[in-house]
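# based on what follows, work out the 3D shape:
(one chain, ligands or ions: 2)
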Amino acid sequence: MSAAGNHTLVTPAEMTAIDADAARSGIDSYGLMTSAGTAVSAAALRLYPGALRFVVLCGPGNNGGDGYIAAAALRDSGADVDVHALGDPAALKGDAARACTAFGTAVKPLADYAPTAGDVVVDALFGAGLSRPVPPEAARVMRTVASQDLPVIAVDLPSGVDGRSGQVLGASFRARHTVTFVARKPGHLLMPGRMLCGTLEVFDIGIPGRILSARAGRLSANGPHLWRKYAFTLDPAAHKFKRGHLAVFSGGPLSTGAARLSAIAGLRAGAGLVTIASPAAASQANASHLTAVMLKQIEGEDDLSQWLADKRIGAFVLGPGFGDLQRARQYALMLGSHKLVLDADGITAFKDDPGPLFKACAKGETRLVMTPHDGEFARLFPDIEADEASSKVDRAIAAAKRSHGVIVYKGADTVIAAPDGRAAINTNAPPWLATAGSGDTLAGIIGAHLAQGMPAFEAAAAGVWRHGRAGAKAGEGLTAEDLAAAVEPLPA
Ligand SMILES: NC(=O)C1=CN([C@@H]2O[C@H](COP(=O)(O)OP(=O)(O)OC[C@H]3O[C@@H](n4cnc5c(N)ncnc54)[C@H](OP(=O)(O)O)[C@@H]3O)[C@@H](O)[C@H]2O)[C@H](O)CC1
Ligand SMILES: [K+]
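Numbering: from 1, shown residues only. Ligands and ions are numbered 1, 2, ... in the order given. Sure thing, here's the model as predicted:
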């Protein structure tokens with residue numbers, strides 16, 4: 001068994017290609033199925049040694065084949081086992097047919113399964129090959145098993161969950177434990193799939209890493225492996241300007257708090273200097289709350305263009321609590337050649353007409369990071385959002401390509417995507433991170449990373465990860481102030 005420590009994520013289509021490559025390289029596919037099914041039976045016996053009966057539900061493909069192998073291994077261990085099949089087992093092909101024959105015992109129709117207290121269900125109906133909503137008879141069994149709260153162990157994926165998108169096609173099992181093979185699939189991390197997997201085990205069935213690497217795309221789980229090499233340990237003697245100067249734009253006098261949350265988080269995240277750029281009317285409100293963060297009065301475009309002559313400002317955060325959409329638009333366009341985190345009102349300012357922003361960022365290294373939640377994403381990319389066939393990862397990558405910026409598509413399953421097609425799914429955010437001011441804090445952390453010289457994709461991915469860690473450290477019931485205070489040093 002390997003821990004879920006391999007960060008690479010493999011789509012079902014890539015997995016099919018990996019299987020084919022493995023077969024071409026002489027690896028016996030039935031041997032792989034045997035390893036997979038045996039891993040499932042081992043998990044079932046380990047987790048439920050007191051089960052009165054194991055009920056293995058087998059589908060019409062190789063996921064079902066894994067189920068027949070598991071059923072045989074459970075029976076051979078002395079357990080009470082029943083197998084119910086979706087479709088006619090005589091129609092099985094290839095390895096699945098061989099596994100069914102090897103099982104040898106009578107198989108009953110799926111519709112005949114009457115869930116009973118003491119049952120442990122092994123769900124081998126559909127895995128990577130699910131291609132449409134599950135049939136009604138499967139949905140009915142899913143409902144009755146859930147209504148009796150019977151434990152379910154899913155083979156590869158809870159049946160009904162699309163391994164590519166994490167979406168439920170029609171209905172799905174809610175598993176207590178899922179055993180997947182070779183590598184995690186995006187659907188194990190994306191919502192709602194992640195919630196339906198229970199604990200996730202990645203079992204190494206013997207496909208060599210080189211075959212995996214040759215086919216795997218550029219999607220991984222977010223973590224230090226992506227950005228560790230930029231997580232410089234700060235030299236305490238370094239001059240504050242060398243540790244990066246971050247500027248955060250404040251809103252008007254009644255909405256200054258969001259910018260201060262970003263600014264404090266930026267300071268905590270390692271920026272050497274942080275300045276709040278405030279309109280005159282809000283300067284008093286900001287001044288009365290700031291100590292370590294500096295204040296600069298920026299009243300309009302003239303002030304800003306003069307300030308931009310100071311080349312020591314490494315990055316800007318624009319949007320939290322900003323309010324004035326017209327001005328946000330002007331400022332963002334003026335900042336096109338600078339590193340910029342665009343959040344909240346900064347994103348909304350480009351609703352219906354984002355073209356000029358994307359054009360301003362089109363040339364040179366990626367400088368723009370946008371941090372939309374669902375609603376903000378739809379404002380900027382309505383056509384991409386409306387494409388129901390695409391996954392959250394597909395949508396984030398499409399938006400990054402179009403905007404020439406890094407997209408941090410927020411949610412419980414935040415996706416970070418770069419214009420070059422790299423993407424990461426974040427998993428360390430506790431549910432209570434969704435609180436007022438949380439996004440402002442995230443923007444400040446990412447801004448600090450940009451100001452310190454991290455490339456945009458890494459700055460964003462590391463920011464999302466640190467934000468999640470801070471949420472876990474601050475604990476349930478946190479406020480955004482607690483969150484900023486809980487930002488920990490980057491792991492070296
Ligand atoms: N290397 C590995 O990871 C290995 C994985 N194994 C297991 O194999 C499955 C993938 O097997 P595959 O046969 O490709 O797919 P499935 O078993 O998940 O499902 C395909 C069959 O299901 C039919 N189908 C799909 N959707 C529906 C639906 N909504 N209703 C009814 N039937 C459906 C599909 O029929 P088609 O008409 O679409 O062709 C297929 O008959 C993987 O998940 C692992 O568990 C190997 O055992 C070892 C190597
Ligand atoms: K399954």
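# closest point of the stretch 301-450 of the chain to ligand 1, which residue?
residue 389 (15.6 Å; CB to the nearest ligand atom). C-betas here are computed from N, CA, C, even on glycine.
# gap between that residue and residue 62?
24 Å (CB to CB, to the nearest Å).
# comparing those two, which shows the higher neighbour count?
residue 62 (25 against 7; other CB atoms under 10 Å).
# please name the nearest non-neighbouring residue to the more buried one.
Leaving aside its chain neighbours, residue 62 sits nearest to residue 96 (5.2 Å; criterion: CB to CB, 6 or more residues apart in numbering).
# OK, contacts around the one you found?
The contact partners of residue 96, by CB atoms under 8 Å, 6 or more residues apart in numbering, come to 33, 60, 61, 62, 64, 65, 68.
# show me what counts as buried in stretch 288-296.
Across stretch 288-296, burial judged by 16 or more other CB atoms under 10 Å covers 290, 293, 295, 296.
# could I get the residues you listed as JSON lines with pLDDT?
Shown next, in JSON lines, are these (pLDDT from 0 to 100):
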{"residue": "290", "pLDDT": "83"}
{"residue": "293", "pLDDT": "89"}
{"residue": "295", "pLDDT": "95"}
{"residue": "296", "pLDDT": "96"}
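# and stretch 152-165, end to end?
By CA to CA, to the nearest Å, the extent of stretch 152-165 from end to end equals 21 Å.
# quickly check: that stretch near ligand 2 or not.
Yes - with CB under 5 Å from the ion as the criterion, ligand 2 is reached by stretch 152-165 at 154, 155, 159.
# wait, a helix at residue 220?
No - judged by DSSP: H, G, I helix; E, B strand; the rest coil, residue 220 forms no part of a helix; its state is strand.
# for the residue nearest to residue 132 when sequence neighbours are not counted, list the residues it contacts.
Excluding the flanking residues, the one nearest residue 132 by CB to CB, 6+ apart is residue 169, at 6.4 Å. Going by CB under 8 Å, 6+ apart, residue 169 touches 130, 132, 133, 134, 160, 161, 162.
# and the spatially most central residue of the chain, how far is that from residue 167?
In the chain, the centroid-proximal residue (CA atoms, centre = their mean) is residue 425; its distance is 2.4 Å. Distance of residue 425 to residue 167, computed by CB to CB: 14 Å.
# ok, and what's touching stretch 19-36?
By CB under 8 Å, 6+ apart, stretch 19-36 touches 62, 65-66, 69, 94-96, 98-99, 155-156, 179, 181, 203, 205-208, 211, 214-215.
# try it again with 6 Å
Applying CB atoms under 6 Å, 6 or more residues apart in numbering, the contact partners of stretch 19-36 are 65, 66, 69, 95, 181, 205, 206, 207, 211.
# can you tell me which two in these are farthest apart?
69 and 211 (21.7 Å; CB to CB).
# what's the burial count for residue 383?
Residues near residue 383, counting by other CB under 10 Å, number 9.
# which elements pack onto the one helix or strand it maps to?
Using DSSP states H and E, residue 383 maps to helix 382-386. Applying 3 or more CB pairs under 6 Å, 6 or more residues apart in numbering; DSSP states H and E, one finds that helix 382-386 makes contact with helix 392-403.
# the helix it packs on - contacts with which helices or strands?
helix 382-386, strand 406-409, strand 415-417.
# nearest to residue 12, of those?
Among these, strand 415-417 sits nearest to residue 12 (CB to CB), with 17.9 Å.
# that closest one: how far from the chain's middle?
7 Å (CA atoms, centre = their mean, to the nearest Å).
# ditto for stretch 324-333
On CA atoms, centre = their mean, the centre of stretch 324-333 falls 30 Å from that of its chain.
# what comes up buried for it?
Buried, per 16+ other CB under 10 Å, within stretch 324-333: 324, 327, 328, 329, 331, 332, 333.
# would a markdown table of those residues with secondary structure, pLDDT and distance to residue 434 be doable?
Converted to a markdown table, the buried residues of stretch 324-333 look like this (DSSP: H, G, I helix; E, B strand; the rest coil; pLDDT from 0 to 100; distance: CB to CB, whole Å):
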| residue | secondary structure | pLDDT | distance to residue 434 |
| --- | --- | --- | --- |
| 324 | coil | 96 | 26 |
| 327 | helix | 97 | 28 |
| 328 | helix | 98 | 24 |
| 329 | helix | 98 | 28 |
| 331 | helix | 98 | 28 |
| 332 | helix | 98 | 26 |
| 333 | helix | 97 | 31 |
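# which one of those is nearest to residue 376?
residue 328 (12.7 Å).
# I'd assumed residue 343 was in contact with the closest one.
No - between residue 328 and residue 343 there is no contact under CB atoms under 6 Å: 10.3 Å.
# intersection of neighbour lists for the two?
Counting by CB under 6 Å, 6+ apart, nothing touches both residue 328 and residue 343.
# avg pLDDT for stretch 92-107?
Across stretch 92-107, pLDDT averages out at 96.
# apologies, that question was intended for stretch 80-89.
Rounded mean pLDDT across stretch 80-89 is 97.
# buried residues in that stretch?
81, 82, 83, 84, 85, 86, 87, 89.
# which residues does the fourth one bridge with?
With DSSP bridges applied, residue 84 shows beta-bridge pairing to residue 57, residue 108.
# where's it relative to ligand 2, distance?
Using CB to the ion, to the nearest Å, we find residue 84 at a distance of 14 Å from ligand 2.
# do the fifth one as well
With distances defined as CB to the ion, the gap from residue 85 to ligand 2 amounts to 13 Å.
# identify the residues contacting that residue.
Counting by CB under 6 Å, 6+ apart, residue 85 has contacts 58, 107.
# with the second one instead?
Each residue near residue 82 by CB under 6 Å, 6+ apart is listed here: residue 55.
# anything in the helix or strand where it lies near ligand 1?
Applying DSSP H and E as the criterion places residue 82 in strand 81-85. No - judged by CB under 6 Å from any ligand atom, strand 81-85 stays clear of ligand 1, getting no closer than 11.9 Å.
# so whatever helix or strand comes next after that strand versus strand 81-85, what angle?
Later in the chain than strand 81-85, the nearest helix or strand by DSSP H and E is helix 94-103. Comparing the axes of helix 94-103 and strand 81-85 via axes from the mean of the first three to the mean of the last three CA atoms, to 10 degrees yields an angle of 140 degrees.
# confidence score at the nearest residue to residue 189 once chain neighbours are set aside?
Closest residue to residue 189 apart from its sequence neighbours, by CB to CB, 6+ apart: residue 425 at 4.4 Å. Predicted confidence (pLDDT) for residue 425: 98.
# okay, buried residues for stretch 22-42 please.
22, 27, 29, 32-42.
# anything in the host helix or strand of residue 16 near ligand 1?
Assigned by DSSP H and E, residue 16 belongs to helix 12-24. Yes - Helix 12-24 comes into contact with ligand 1 (CB under 6 Å from any ligand atom), by way of 15, 19.
# so where is the stretch 1-150 of the chain shaky, pLDDT-wise?
By pLDDT under 70, the low-scoring segments of the stretch 1-150 of the chain are 1-5.
# up against ligand 2, what does it have?
Within the stretch 1-150 of the chain, the positions adjacent to ligand 2 are 123, 127 by CB under 5 Å from the ion.
# name the residues of the stretch 1-150 of the chain found near ligand 1, please.
Looking at ligand 1, the residues of the stretch 1-150 of the chain close enough under CB under 6 Å from any ligand atom are 15, 19, 32-33, 36, 59-66, 126-135.
# of those, grab the buried ones for PyMOL.
Restricted to buried positions by 16+ other CB under 10 Å, the PyMOL selection for those reads:
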select buried, resi 15+19+32+33+36+59+60+61+62+63+64+65+66+126+127+128+129+130+134+135
